[in-house]
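A.B. asks: The sequence and its predicted three-dimensional model are supplied below.
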Amino acid sequence: MTYKIDIIGKSTITVDDGDCILESALSQKVDFPHGCKSGNCGACKSKLVSGDIYMMPYSEFALEDSERKKKLILACRAIPQTDCSIKIVNENKEKTIKQSIKELKYKVSKINKVTTDIITIELENISDKKFKFLAGQYAELKFSNLDSRQFSMANCPSEDKLEFHIKILDEGLVSDYVSKELSIEEKVLITGPFGNSYLRENHKGPILCVAGGTGLAPILSIALSYQEKKMKQPAYIYVGAKTENDFYYLDQFIKIAKNNSKFKFFPIISEQKNTSNFRTGLVTDVVIEDIEDFDGFKAYLAGPPPMVEAAEKFFPNLGLNINDIHADAFYNKYEN
């Protein structure tokens, strides 16, 4: 037995008895938005206009009960019981974010050395315009007469301040200046925002964040935004460091985790073996050990190039769609 499914505005397809709408549509060359194909991400969400379907099990984060009552379905889990008409809801599954690039003046309000080689700075806006960005993005900072460098915002986008984490490099002119000469009240020119590795707030599936070094900055921004937006899906945050002394700001992640059981935080040490306080190993290996199936996840990566490249190489083999891995290219140029 086969059923006719009218995908309004697209075409009419046939679905064999027991098959789901999405797989049948894709096999018949219909451009149907989708992601995980297993009921975890919500990308194939559609409205059942007429007919009856059976829904296979799916994640509550991909489709809420209130949405089901409004006749919304997931095409990847929908098994037709009669001829049906459906309308795709997520036609524009990920719209391009249009942002205006601004050049604004800020002044230094705080300088803190949080590890032996990482400095955090807080900047106060002295322009008449607000610097708007999305959690996970970065900006270009110009100190004194030095060339601009790219650093990720570490604060929640709703805050007026901007916070950046800067690693002190042996031959880094900018980091050397920040560590030795930068002063409170000093003016800093900010240009941005830039970057595509920002938090996708409309994504309903699980979130995975992997950070190393000062890659913690954009991941912290994402975590704070997740908390502020009261996002409901599980979030798994892995932060890697060489030794215990290389960790900083762990308390901020721990605080979020204490207030939200769906927010899981895992600090990982790679080179220090004599510790009972933290798990040890390469952070990417620990992630792979913990999560057997990445289907439906969105992943945000920030840190040293070897860590990011390892994750980009291995995670797709475990079910993570390559289009759901977000890591801005500048990490391969600058260790911010």
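C.D. replies: Thanks, I have the structure now. Numbers count the residues shown, from 1 in each chain.

A.B. asks: Give me the three-state assignment for residue 49.
C.D. replies: Under DSSP: H, G, I helix; E, B strand; the rest coil, residue 49 falls in the strand class.

A.B. asks: What is the burial count for it?
C.D. replies: The number of residues packed near residue 49 is 12, by other C-beta atoms under 10 Å. C-beta coordinates here come from the backbone N, C-alpha and C atoms, glycine included.

A.B. asks: in the helix or strand of the chain with the lowest mean pLDDT, what's buried?
C.D. replies: When each helix and strand of the chain is scored by mean pLDDT, DSSP states H and E, helix 305-314 comes last, with a mean of 85. Neighbour counts using 16 or more other C-beta atoms under 10 Å place 307, 308, 310, 311, 312 of helix 305-314 among the buried residues.

A.B. asks: so how far is the one helix or strand residue 289 maps to from its chain's centroid?
C.D. replies: Taking DSSP states H and E as the definition, residue 289 sits inside helix 283-290. Its chain's C-alpha centre and that of helix 283-290 lie 17 Å apart, by C-alpha atoms, centre = their mean, to the nearest Å.

A.B. asks: which stretches of the protein have low pLDDT?
C.D. replies: For the chain, the stretches flagged by pLDDT under 70 are 35, 90-97, 329-336.

A.B. asks: which helix in it runs the most residues?
C.D. replies: helix 216-228 (DSSP state H).

A.B. asks: now the helices for the stretch 101-250 of the chain?
C.D. replies: Using DSSP state H, counting those that start in this stretch, the helices found in the stretch 101-250 of the chain span residues 173-180, 216-228, 250-259.

A.B. asks: Compare those and give me the one nearest residue 26.
C.D. replies: Closest approach to residue 26 among the helices of the stretch 101-250 of the chain is made by helix 216-228 (30.9 Å; C-beta to C-beta).

A.B. asks: I'd like the distance from the closest one to the chain centre, please.
C.D. replies: 9 Å.

A.B. asks: Kindly export stretch 299-311 (C-alpha atoms) in PDB.
C.D. replies: Only the C-alpha atoms of stretch 299-311 are listed here, as PDB (Å, rounded to 0.1, in the frame of the first residue of the first chain):
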ATOM      1  CA  ALA A 299      28.800  21.400  18.100                       C
ATOM      2  CA  TYR A 300      30.800  24.600  18.800                       C
ATOM      3  CA  LEU A 301      34.500  24.300  18.900                       C
ATOM      4  CA  ALA A 302      37.100  26.800  20.100                       C
ATOM      5  CA  GLY A 303      40.700  26.400  20.900                       C
ATOM      6  CA  PRO A 304      44.100  25.300  19.600                       C
ATOM      7  CA  PRO A 305      44.100  24.200  16.000                       C
ATOM      8  CA  PRO A 306      45.000  20.500  16.700                       C
ATOM      9  CA  MET A 307      42.100  20.200  19.100                       C
ATOM     10  CA  VAL A 308      39.600  21.800  16.700                       C
ATOM     11  CA  GLU A 309      40.900  19.800  13.700                       C
ATOM     12  CA  ALA A 310      40.700  16.500  15.600                       C
ATOM     13  CA  ALA A 311      37.100  17.200  16.500                       C
END
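
A.B. asks: residues in contact with it?
C.D. replies: 136, 152, 197, 199, 207-219, 222, 240, 282-284, 287, 312, 315, 320, 324-328, 331-332, 335 (C-beta atoms under 8 Å, 6 or more residues apart in numbering).

A.B. asks: any idea how far the closest residue to residue 220 other than its chain neighbours is from residue 137?
C.D. replies: Nearest non-adjacent residue to residue 220, counting by C-beta to C-beta, 6 or more residues apart in numbering: residue 154, 5.0 Å away. Here the criterion is C-beta to C-beta, to the nearest Å. By it, residue 154 lies 11 Å from residue 137.

A.B. asks: Residue 218 too?
C.D. replies: Applying C-beta to C-beta to residue 218 and residue 137 gives a distance of 7 Å.

A.B. asks: so what's in contact with those two at the same time?
C.D. replies: Contacts common to residue 218 and residue 137, judged by C-beta under 8 Å, 6+ apart, are 152, 153, 197.

A.B. asks: Cross those against strands and list the overlap.
C.D. replies: residue 152 (DSSP state E).

A.B. asks: what's the closest of the shared contacts of residue 218 and residue 137 to residue 107?
C.D. replies: residue 153 (16.4 Å).

A.B. asks: Only alpha carbons, please: show stretch 82-89 as PDB.
C.D. replies: Provided in PDB are the C-alpha atoms of stretch 82-89 (Å, rounded to 0.1, in the frame of the first residue of the first chain):
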ATOM      1  CA  THR A  82      -3.800   7.900   5.100                       C
ATOM      2  CA  ASP A  83      -3.200  10.300   2.200                       C
ATOM      3  CA  CYS A  84      -2.000  13.600   3.800                       C
ATOM      4  CA  SER A  85      -1.200  17.200   3.100                       C
ATOM      5  CA  ILE A  86       1.700  18.800   5.000                       C
ATOM      6  CA  LYS A  87       3.300  22.300   5.000                       C
ATOM      7  CA  ILE A  88       7.000  22.700   5.800                       C
ATOM      8  CA  VAL A  89       7.500  25.000   8.800                       C
END
